[in-house]
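Asks: Generate coordinates for the sequence data below:
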Amino acid sequence: MVGYVIFTLAVAISIACISYDTMARSKGWPVGGVLEKDYSIPKIAAFVTALWALGKAFFVFQWWSPLLVLGLGWLIGFILTMALKRHAQVLCILGVFPAFFFTVVYISEEKPFGFLHRLFS
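Replies: Numbering: from 1, shown residues only. The predicted structure follows:
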């Protein structure tokens, strides 16, 4: 269950990070310089994080898990952006790197934080 939460939140933050500038422009919210560019470091990290989370969900869990993770992540990312509005960009920029870290470190339900398992348990 921890893996689904990690992967879903990683996809949610990634989707919010990638789509924030388009949504913000249509709503009239400000867009920071980092998310304004199409090829910024947080957007590239968000894209890699989303792909990594979906791929890892496929190999660690059932074959249909990426569909569940993508659907819930998309919904949570949209709700996150709509709820936080202009403040969502701060969460996206700062949240995509821990999301990537925890997605990469995740091994299994027995050791959800990989080599950091003893530290967090």
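
Asks: Now do I13 against G28, distance only.
Replies: Counting by Cβ to Cβ, to the nearest Å, the gap from I13 to G28 is 23 Å. Every C-beta, even on glycine, is put in place using the N, C-alpha and C of the backbone.

Asks: Just the buried residues of the top helix by length along the chain, please?
Replies: In the chain, taking DSSP state H as the definition, the longest helix is helix 2-27. Buried residues in helix 2-27, counted by 16 or more other Cβ atoms under 10 Å: 3-4, 6-21, 23-24.

Asks: What backbone torsions are found at K111?
Replies: phi -130, psi 80 (degrees, to the nearest 10).

Asks: Where does the prediction get shaky in the chain?
Replies: 114-121 (pLDDT under 70).

Asks: so where do the helices sit in it?
Replies: Under DSSP H, the chain gives helices at 2-27, 33-36, 41-60, 65-84, 88-105, 117-120.

Asks: Is it possible to get CSV of those that adds distance to K111?
Replies: Converted to CSV, the helices of the chain look like this (distance: least, Cβ to Cβ, whole Å):
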stretch, distance to K111
helix 2-27, 10
helix 33-36, 34
helix 41-60, 12
helix 65-84, 18
helix 88-105, 9
helix 117-120, 4
